[in-house]
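Colleague: Next comes the sequence, and after it the predicted model I'd like to discuss.
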Amino acid sequence: MRNLLAFGLMVVGYGTCFASAYQIFEQDAASLGTNHAGSAAAANDASTEWYNPAGMTELKQQQLSVGGEMVYTRIMYSGTQTTGYISPITPSSPFTVNGGGWTPVPNIHYVLPVNNWAFGIGVVAPFGAETNYGDGTQLKYTGTKTQLQAIDITPAIAFKPWQFLSLGIGADIAYVTGEFDNVATMSGSAFDSTSTNKGHDVTYGYHAGFLINFNKNNRFGLAYHSKMVANLHGTSDLGDPMGTFVTSSHSDSFETQIILPAWWNASYYFQATQKLALMASVMYTEWDAVGDITLKNVVGVNSSLISVDIPQNYSNTWNFSLGSSYWLTHSLKLKLGFGYDMTPTNDQDRNIQVPDQNRWIISTGIEYQLLKSLSIALSYAHFFVQNASINNTVKINGVDQTTNGTVESSADLIGLQLKWNL
């Protein structure tokens, strides 16, 4: 019986949102229109303080950029759930449930250039995801709500030692929160009890890069964002009615470690004509740093606090993007982007919290110069996600617990960005 709750938590991981696993590239709604192609080389607005701080030296005056994206994810699981502690031990009837919904991703960037130097700061959400399947289907015994959020403050500095080269470095101060919930049971729905597990931490890292100007129309940028490790501490609660059967229904010592992996961004920007710009990026994320995740001091049933190991075994991934922008008039710019993003998950360890798969992206947008010092950008992107098969079995007290089905996913992003030259 002590492992009963462990079943529900064994497959709790991170939610899937709209990038591979829980990484978010969308830190500037203006560049969403080009699928963030050239983001480490474009250096044409204050968001470069995050993508590649070396690009801040390209700005001619101080700029404030404020915006964000609203993301709608469709994460539709169709299949069965076999819960060994419910008699008879047979798969549930097939059901369908959506674990997606709306998620905001805000950002703010500020850059102040001073001669050959530049200073910047931003607030972004580079990692974060959520799935919430609710508690109205059999899937609740595997997972209900899973949420990860990282809010990153990013002070940065850049220097231009030569006309063709800029160097930049920035700090990352990230506040990370996580929630891992499911419904536990003993022998049927009469004993259903919600397990809620929450933690938070502040962690630190850095990002750095260089920018090479081959000439006024061609530049190349390379940026590196370091790995950050968040040791979340918080609470674990097991509610009634099962709370009457447990040694303790509350713990203040819940903890788990979350890895925010390192990643690279190599970008090229080409001003083909006075009106047309072409850009490309290749990004590489070191997901192999994420192996197993251990949830510690989780409230169990008829037991002391337990630890739960969750296999992820992620693999490193590539992200490719191509984009273009065209000044239709002196005030109106049109944008178009394409991309391909790999998943770090694998068929053996994939579960409903991370039903991740490879995806294609298409994006478009406009940017309009309202005033000499003020512009507005509106962007849209759609993610076409490959179907993800789920066949995940956990053995508890000799009994197989199996989630068997398919997840069909997609995402729509709408972004709005305002930029002021101060």
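Modeller: Received it, and whenever you're ready, just let me know what you need.

Colleague: Just to check, H109 is in contact with S47?
Modeller: Yes. Using CB atoms under 8 Å, H109 is in contact with S47, at 4.9 Å. Every residue, glycine included, has its C-beta placed from N, CA and C.

Colleague: overlap in contacts of the two?
Modeller: Residues touching both H109 and S47 (CB atoms under 8 Å, 6 or more residues apart in numbering): 28, 65, 122.

Colleague: buried stuff in stretch 173-189?
Modeller: Across stretch 173-189, burial judged by 16 or more other CB atoms under 10 Å covers 174, 176-186.

Colleague: Who are the contact partners of A30?
Modeller: Contacts of A30 by CB under 8 Å, 6+ apart are 45, 47, 65, 67, 365, 367, 377, 379, 415, 417, 419.

Colleague: top of the residues you listed by neighbour count?
Modeller: Neighbour counts for the contacts of A30 (other CB atoms under 10 Å) peak at S47, which has 30 neighbours.

Colleague: and V282, how many neighbours?
Modeller: So V282, with other CB under 10 Å, has 15 neighbours.

Colleague: Make sure it is actually in contact with N319.
Modeller: Yes. Using CB under 8 Å, V282 is in contact with N319, at 7.4 Å.

Colleague: which stretches of the stretch 201-350 of the chain have low pLDDT?
Modeller: 241-248, 301-304 (pLDDT under 70).

Colleague: mind redoing it with 50?
Modeller: Counting by pLDDT under 50, not a single residue of the stretch 201-350 of the chain qualifies.

Colleague: after the helix or strand that contains N213, next one along is what?
Modeller: Secondary structure from DSSP states H and E places N213 in strand 193-215. Using DSSP H and E, the next helix or strand after strand 193-215 towards the C-terminus is strand 218-225.

Colleague: what lines up beside that following strand in the sheet?
Modeller: Sheet pairing of strand 218-225 (DSSP bridges) gives strand 193-215 (antiparallel), strand 263-271 (antiparallel).

Colleague: what are the ranges of the helices in this structure?
Modeller: 4-10, 29-32, 48-51 (DSSP state H).

Colleague: which one of the ones you listed has the lowest average pLDDT?
Modeller: Mean pLDDT values for the helices of the chain show the minimum at helix 4-10, a mean of 37.

Colleague: Please name the nearest non-neighbouring residue to T285.
Modeller: W263 (4.1 Å; CB to CB, 6 or more residues apart in numbering).

Colleague: does T96 have beta-bridge partners, and which?
Modeller: With DSSP bridges applied, T96 shows beta-bridge pairing to S78.

Colleague: What's the local residue count around it?
Modeller: 13.

Colleague: Go ahead and confirm it touches S78.
Modeller: Yes. Under the criterion of CB under 8 Å, T96 is in contact with S78, at a separation of 4.6 Å.

Colleague: what would the strands paired with strand 218-225 look like in CSV with distance to A158 and mean neighbour count?
Modeller: As requested, the strands paired with strand 218-225 are exported to CSV (distance: least, CB to CB, whole Å; neighbours: other CB atoms under 10 Å):
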stretch, distance to A158, mean neighbour count
strand 193-215, 9, 19
strand 263-271, 16, 21
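
Colleague: Adding distance to Y72, write the ones you listed out as JSON lines.
Modeller: Output for the strands paired with strand 218-225, formatted as JSON lines (distance: least, CB to CB, whole Å):
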{"stretch": "strand 193-215", "distance to Y72": "25"}
{"stretch": "strand 263-271", "distance to Y72": "25"}
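
Colleague: and the residue lying closest to L334 once chain neighbours are set aside, what does it touch?
Modeller: Nearest residue to L334, sequence neighbours excluded (CB to CB, 6+ apart): Y326, at 4.9 Å. By CB under 8 Å, 6+ apart, the contact set of Y326 is 275-277, 333-335.

Colleague: Now that we have the residues you listed, which of them are buried?
Modeller: So, of the contacts of Y326, 277, 333-335 end up buried under the neighbour-count rule (16+ other CB under 10 Å).

Colleague: which two from those residues end up farthest apart in space?
Modeller: A277 and L334 (11.0 Å; CB to CB).

Colleague: Pull up the overlap in contacts between these two.
Modeller: With CB under 8 Å, 6+ apart as the test, A277 and L334 both reach 325-326.

Colleague: Show me what the residue nearest to H225 when sequence neighbours are not counted bridges to in the sheet.
Modeller: Spatial nearest neighbour of H225, excluding adjacent residues (CB to CB, 6+ apart): H207 at 4.4 Å. Taking DSSP bridges as the rule, H207 bridges to G170, H225.

Colleague: burial of T137, as a residue count?
Modeller: As a burial measure, T137 scores 16 neighbours (other CB under 10 Å).

Colleague: so it sits right up against N98, yeah?
Modeller: No. Counting by CB under 8 Å, T137 does not reach N98; the two are 10.5 Å apart.

Colleague: how about the strands in the stretch 251-400 of the chain?
Modeller: 263-271, 276-285, 292-298, 306-311, 317-327, 332-341, 359-371, 374-385, 388-396, 399-421 (DSSP state E, counting those that start in this stretch).

Colleague: Could you save those as CSV and add columns showing distance to I157?
Modeller: Converted to CSV, these look like this (distance: least, CB to CB, whole Å):
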stretch, distance to I157
strand 263-271, 19
strand 276-285, 23
strand 292-298, 35
strand 306-311, 39
strand 317-327, 27
strand 332-341, 29
strand 359-371, 27
strand 374-385, 25
strand 388-396, 42
strand 399-421, 20
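
Colleague: Compare these and give me the one nearest D237.
Modeller: Of the strands of the stretch 251-400 of the chain, the one closest to D237 (CB to CB) turns out to be strand 292-298, at 9.9 Å.
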